[in-house]
Every structure is written in structure tokens, then in C-alpha cells.
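Engineer: build me a structure from this.
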Amino acid sequence: MELNHDAIDAQLASLLRDQPPGTTANLTNFAVAYWDGQRVVYVFLDEHDYAELDEEFDLTDYLLEQWEADFAAWFAEPHYSVRPELLKWLKADA
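Structural biologist: The predicted model follows:
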């Protein structure tokens, strides 16, 4: 798979839509993605507690370049987590 925004978003969307609500794709040890019902959202994990969500971010060309190996590894062997705090985020946005 070519690593560009459109390809990554499309692949993540197709994988995350099939997961239960509150599920994140654990892309790196400090960043995850989730499906909000309409689009893929990227989130940094808290630097003090990598189990907690911190803030959303845009996936830029720079980040794609920096994390290319992480993304390739994730797509080769996807792994997910169910995060109760994400369910709270999703309910708050509804």
C-alpha cells in the first residue's frame, strides 16, 4: 500500500468501521486512530499515561514521513484497543 493520506484514511476507515464503538487502531505507541461514524480521527496518547487519549491531530505529510515504518508495521499486523474514554468522547460529541 502506498503511504499517502487518502490511502491510509480509506484503509483505516474500512477496518475501523467493522470494529465496535470505542475501538482505536494502535498505530504507534503514542498515537491512535478511531472511526467517529463519519471519518477517521487521529489522536495522540497522553505523554504521562500512554493508555489515555490526549488530543486530536491532523496527519500531515511530515508525520507520514516520520512514521512510515510504524504505519507499515501496523498495516502488516493491525492491532486495536477498546477504550472506554473514547466512548465518552463520542457521546459528548453526539
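Engineer: which SSE is the spatially most central residue of the chain in?
Structural biologist: The centroid of the chain falls nearest to residue 33 when counting by C-alpha atoms, centre = their mean (1.1 Å). In this assignment (DSSP states H and E), residue 33 forms part of strand 31-35.
Engineer: helices or strands next to that strand in the packing?
Structural biologist: Contacts defined by 3 or more C-beta pairs under 8 Å, 6 or more residues apart in numbering; DSSP states H and E place strand 31-35 against helix 5-16, strand 23-25, strand 40-45. All C-beta atoms are positioned from the backbone trio N, CA, C, and that covers glycine.
Engineer: deepest of the ones you listed, which one?
Structural biologist: Of all those, strand 23-25 carries the top mean neighbour count, a mean of 22, counting by mean count of other C-beta atoms under 10 Å.
Engineer: that strand: how far from the chain's middle?
Structural biologist: 6 Å (C-alpha atoms, centre = their mean, to the nearest Å).
Engineer: which outside residues touch it?
Structural biologist: Under the criterion C-beta atoms under 8 Å, 6 or more residues apart in numbering, residues 12, 15-16, 32-35, 43, 53, 74, 78-83, 86 lie in contact with strand 23-25.
Engineer: circling back to that earlier point, for the residue nearest to the centre of the chain, which residues count as its bridge partners?
Structural biologist: Applying DSSP bridges to residue 33 gives these bridge partners: residue 25, residue 42.
Engineer: hmm, residue 42 and it touching each other?
Structural biologist: Yes. Using C-beta atoms under 8 Å, residue 33 makes contact with residue 42 at a distance of 5.0 Å.
Engineer: give me the common contacts of those two.
Structural biologist: residue 27.
Engineer: how distant is the lowest-mean-pLDDT helix or strand in the chain from the center of its chain?
Structural biologist: Least confident element among the helices and strands of the chain, by mean pLDDT, DSSP states H and E: helix 84-93 (a mean of 81). For helix 84-93, the separation from the chain centroid amounts to 15 Å (computed by C-alpha atoms, centre = their mean).
Engineer: which parts of it are buried?
Structural biologist: Residues 86, 89-90 are the ones in helix 84-93 that count as buried (16 or more other C-beta atoms under 10 Å).
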